[in-house]
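Trainee: My questions concern the predicted model and sequence given below.
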Amino acid sequence: MADNATATRGGGVVAAPSDTPTQAGGRLRVPSLVTLCTRTISRDPGLLADAPYVPEDICTKVLACLREENGITDAALDCVRRHNPLNPEHERCRLRSIDLSGSPTLTCNGVAKVASHPLIALKLDRCPEISGDIFKVLRTGCCRTLQALSLSHCGSIQPQDFKELVWFDQLRSVNLSNTAIVSGGLSVLNHNVVELDLSHTNVGVDAFGALRHLNLQSLSLAGTAVGQTALPSLLQMRKLQRLDISECRQLQTQDLGAEDADAAALEENLQDFFASLTNIATLKWLNLSGCGVTTDTVKTILSEGHALEFLGIVSTRASAMATVDAPDTVAVASLNTKAEILNALSEFHATGSYDVVLSCLRAVFRLVSPTYTPSDEARITSDNGLTRVMINCMHRFVDKLDLQVVSSAVLFYTTLDTTKEQLPLDRREALHAVLRTMDQHLGCLQLVKNCCLTLRNFQTENELALFSRQVAILLLRAALLYSDRTIQLTSVFLCCHNLASLHPWHKAAIGEAGGIQLAVQLIHEKKCPEENEETDTAVLEACWTFLWNITDETPSNAERFLSEGGLDLVVEVLQLYPDGAILRRNVMGLVTNIAEVKRLRPSLMTEDMLSELDKCLTGLDDLEVSYNVTGTLCHLMAEGEAFWDRHEVAREQRSHLLGQITTAVDGWSLSAERWINYRCLRPVISLLSLQLPWEIRYWAAWALASLCTANPDKYCEMCLEENALEPLRLLEGHHETVAHPPMTHVLQLTLSRCNQWQSERQEAEPHDTEV
């Protein structure tokens, strides 16, 4: 079946699909078996439910896939139960760490299914349905082994529920950020806790009394009501290495609430507070972002002899410093120089607040954008690990539109040059992040435009194959939703490129998901160009290319196209564009795919359709159009005279159209440039039968000669593998062949090229020798 490239106007040319798959180092690049199995299981977690044993790494990968898609559900966790319900004594898997974060429907009942594992670490961040019962669930299972627990943004847990933490005596790391925890609930924490995140909670200075019994090494109070009165308590923390007091309201100058007479004194006290923090001898990491720290205070902090290794001053009055004169041992995070911006993003993308992360991303965008020209050294010209950071930001703040717009723009630049050393896993996850944000925010023009442009950076088969259905449907929805030129052209052209190398199974899945219906709807909108004729025609041509490719070797999609009123649309477009060579080529390529499906051929036997086929042969002088038209007619003629006699409108045209086939083939040149491409030659070889009119055999013989001339390495091998030589030899001496010298010529040319190719391959193959 014929398959084509996408020749376009207005958007450049998408090259014809290569005859060989994308290769690296001479080897085919395909997704790993583990990746394919993991993706399959994630779509149906029940496949693992009855497995006698499941390795921990497989469970972890399946959960990661589920989490990335739409979050983990209660039912999905059946696949990673520790014990088989039918045989409770049999341990089928053992997990030590589980990340269930970002699961909007997950409940405590689901977590109960994995609570019997000897878990060391459990993350339940951004799981809104997790309630205070979670502590009771974990008490019955892993409370004696659990060392790290993260409940960030679990808003359904009530303040009194946190008292249950008293039973978890092995905890060392606890994340309660953005929860309802209050100071009184902290006294139950066991003395082993060394890392505590209370950012953006309602705890205040009174929390330090409850924390006195802990030997904390890391403490986050970002966005809380902690103020200067906390200094004595902080100085008593002899082992504290990391302290985050960013965005604390009482540490911001504009929120001091003082009269002008007292403002200077209060300001001095505030700066003294910041400077005094360096008296914590063990402190190595300090974040003052969003606070009222001044340039002079920052200089004072950095001039002291202490163990400080990191200082965050994003969105502070010190941010105005052109450069921060810091010792080589101290990494400063601000929004000034390239190094400081990268420091800020590296430190804050996973734990920083939305406002801080958004400020960092906007600064990074300025550095990656080619329009940024202060100095070559200031621009970021390589990945610098930004791809991975962007992925994390997009997943963490999936509902934040402003951040998604900036992140997708940065991701476009970090994935632009595919020659750079980027991990395939990073690129695959970047593609997933783009598709997820595009799906969730399809109503935002700028974000959709960013995502469409970014998707252009993922044009190799192995990168798009796992997401082919999602890519096609999202792009077509975007093209229908917006009249923006960039979005429409990029969307439809990417759809065509994505389809060019897909297996028919993938194409059928795209058709089943509604891809054909969307393409037909877009054609209806574009078939009568109004405001921008060039753009509309280019999109229209690409839509028909999409339909040509998606019906290639996929009869179910050809049938879907007809059920959408496709045949009337074919006739209408052919009548609207009598001089559109590219458009008519693409339309007729689709019609040829329909004609190759035996059960669909009767649908083409209408007066209007046959009339348009005749016009295409007598109108445009275009090889590819006439090639597709004659190919369609040959398949219809192959049904025999009785088939044509049953269709009254076609009976009298049969002889005329057979003559048209001969006239057309006689006028073709074997040296003419063409985009004709086949994956399988069986439809052509079937037309060499002696039972068929010689005009049909002539067309098929010319087609094979043309293919073997244009690309002998591919098509001579296909002729041998698909047994084309035997019918060709039978035709060579047939009296009808002898009576028509041009047919004799193409038969002999094909046989000669195939024999020559076979001889050259045999000579090139190594021969065994006896020693």
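Mentor: Ah, there it is. Numbering: from 1, shown residues only.
Trainee: which residues sit in contact with the residue nearest to Leu95 when sequence neighbours are not counted?
Mentor: In this structure, Leu95 finds its nearest non-sequential neighbour in His117, 4.4 Å apart by Cβ to Cβ, 6 or more residues apart in numbering. Heads up, the C-betas are built off the backbone N, CA and C, glycines and all. Contacts for His117 (Cβ atoms under 8 Å, 6 or more residues apart in numbering) come out as Arg82, Cys93, Arg94, Leu95, Arg96, Ile98, Gly141, Cys142.
Trainee: Can I get those residues in CSV including neighbour count, secondary structure and distance to Arg697?
Mentor: Formatted as CSV, these follow (neighbours: other Cβ atoms under 10 Å; DSSP: H, G, I helix; E, B strand; the rest coil; distance: Cβ to Cβ, whole Å):
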residue, neighbour count, secondary structure, distance to Arg697
Arg82, 18, coil, 68
Cys93, 21, coil, 62
Arg94, 15, coil, 67
Leu95, 21, coil, 65
Arg96, 14, coil, 69
Ile98, 23, strand, 66
Gly141, 19, coil, 74
Cys142, 24, coil, 74
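Trainee: who's in contact with the residue nearest to Leu77 when sequence neighbours are not counted?
Mentor: Excluding the flanking residues, the one nearest Leu77 by Cβ to Cβ, 6+ apart is Lys113, at 4.4 Å. Going by Cβ under 8 Å, 6+ apart, Lys113 touches Asp74, Leu77, Asp78, Val80, Arg81.
Trainee: Closest to Cys291 out of the contacts of His117?
Mentor: Distance to Cys291 across the contacts of His117 (Cβ to Cβ) is lowest for Ile98, with 35.7 Å.
Trainee: For Tyr482, see how far away the closest one is.
Mentor: According to Cβ to Cβ, to the nearest Å, Ile98 stands 41 Å off from Tyr482.
Trainee: Now do whichever strand or helix holds Glu760: which elements does it pack against?
Mentor: Secondary structure from DSSP states H and E places Glu760 in helix 741-764. Applying 3 or more Cβ pairs under 8 Å, 6 or more residues apart in numbering; DSSP states H and E, one finds that helix 741-764 contacts helix 694-710, helix 712-721, helix 725-732, helix 735-738.
Trainee: low-confidence ranges in the stretch 51-200 of the chain?
Mentor: Along the stretch 51-200 of the chain, segments meeting pLDDT under 70 span 84-90.
Trainee: How are the strands of it distributed by residue range?
Mentor: 83-84, 87-91, 97-99, 121-123, 148-150, 173-175, 195-197 (DSSP state E, counting those that start in this stretch).
Trainee: where exactly do the helices run in the stretch 551-700 of the chain?
Mentor: Here the stretch 551-700 of the chain has its helices, by DSSP state H, counting those that start in this stretch, at 555-563, 566-576, 581-595, 607-618, 623-637, 641-645, 648-651, 654-666, 682-685, 694-710.
Trainee: list the buried ones in the second one?
Mentor: For helix 566-576, the neighbour count (16 or more other Cβ atoms under 10 Å) marks Gly566, Leu567, Leu569, Val570, Val571, Glu572, Val573, Leu574 as buried.
Trainee: want to try CSV for those, with distance to Asp125 and pLDDT as columns?
Mentor: Listed next are the buried residues of helix 566-576 as CSV, based on distance: Cβ to Cβ, whole Å; pLDDT from 0 to 100:
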residue, distance to Asp125, pLDDT
Gly566, 48, 93
Leu567, 53, 94
Leu569, 49, 94
Val570, 53, 94
Val571, 57, 94
Glu572, 54, 92
Val573, 52, 91
Leu574, 57, 90
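Trainee: Please report how far Tyr678 lies from Arg601.
Mentor: Here Tyr678 is placed at a distance of 20 Å from Arg601 (Cβ to Cβ).
Trainee: Actually, Val629.
Mentor: In this view, Val629 and Arg601 are 15 Å apart by Cβ to Cβ.
Trainee: now stretch 750-765: mean pLDDT?
Mentor: Taken as a whole, stretch 750-765 has a mean pLDDT of 88.
Trainee: Run through who's touching stretch 728-736.
Mentor: 688, 690, 694, 697, 701, 704, 737, 743-744, 747-748, 750-751.
Trainee: first vs last residue of that stretch, how far apart are they?
Mentor: With Cα to Cα, to the nearest Å applied, stretch 728-736 spans 13 Å between its terminal residues.
Trainee: if you average pLDDT over that stretch, what comes out?
Mentor: Mean pLDDT, computed over stretch 728-736, is 88.
Trainee: tell me which residues of that stretch are tucked away?
Mentor: Leu728, Leu731, Glu732.
Trainee: Could you do stretch 544-556 as well?
Mentor: In stretch 544-556, counting by 16+ other Cβ under 10 Å, buried: Trp544, Thr545, Phe546, Leu547, Trp548, Asn549, Ile550, Thr551, Asp552, Glu553, Thr554, Pro555.
Trainee: Just send those back as CSV, with distance to Leu445 and pLDDT too.
Mentor: Below are the buried residues of stretch 544-556 laid out as CSV (distance: Cβ to Cβ, whole Å; pLDDT from 0 to 100):
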residue, distance to Leu445, pLDDT
Trp544, 26, 93
Thr545, 25, 92
Phe546, 23, 93
Leu547, 26, 94
Trp548, 29, 93
Asn549, 28, 90
Ile550, 27, 93
Thr551, 31, 94
Asp552, 33, 90
Glu553, 36, 89
Thr554, 33, 92
Pro555, 38, 94
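Trainee: Which one of those is nearest to Glu717?
Mentor: Glu553 (18.6 Å).
Trainee: quick one: which of Val629 and Arg601 has more around it?
Mentor: Val629 (27 against 17; other Cβ atoms under 10 Å).
Trainee: Spatially, and excluding backbone neighbours, which residue is closest to the more buried one.
Mentor: Of all residues not flanking Val629 in the chain, Cys616 sits nearest, at 4.5 Å (Cβ to Cβ, 6+ apart).
Trainee: Isn't the one you found up against Thr630?
Mentor: No: at 9.3 Å, Cys616 does not count as touching Thr630 under the criterion of Cβ atoms under 8 Å.
Trainee: Per-residue pLDDT of the nearest residue to Gln250 once chain neighbours are set aside, please?
Mentor: The shortest distance from Gln250 to any non-neighbouring residue, by Cβ to Cβ, 6+ apart, is to Gly227 (3.3 Å). The confidence metric pLDDT takes the value 88 at Gly227.
Trainee: again with Arg29
Mentor: pLDDT, Arg29: 44.
Trainee: mind showing which ranges of the stretch 651-771 of the chain have poor pLDDT?
Mentor: In the predicted model, the stretch 651-771 of the chain carries pLDDT under 70 at residues 765-771.
Trainee: Repeat the analysis, applying 80 as the threshold.
Mentor: Along the stretch 651-771 of the chain, the model assigns pLDDT under 80 to residues 651-652, 673-676, 764-771.
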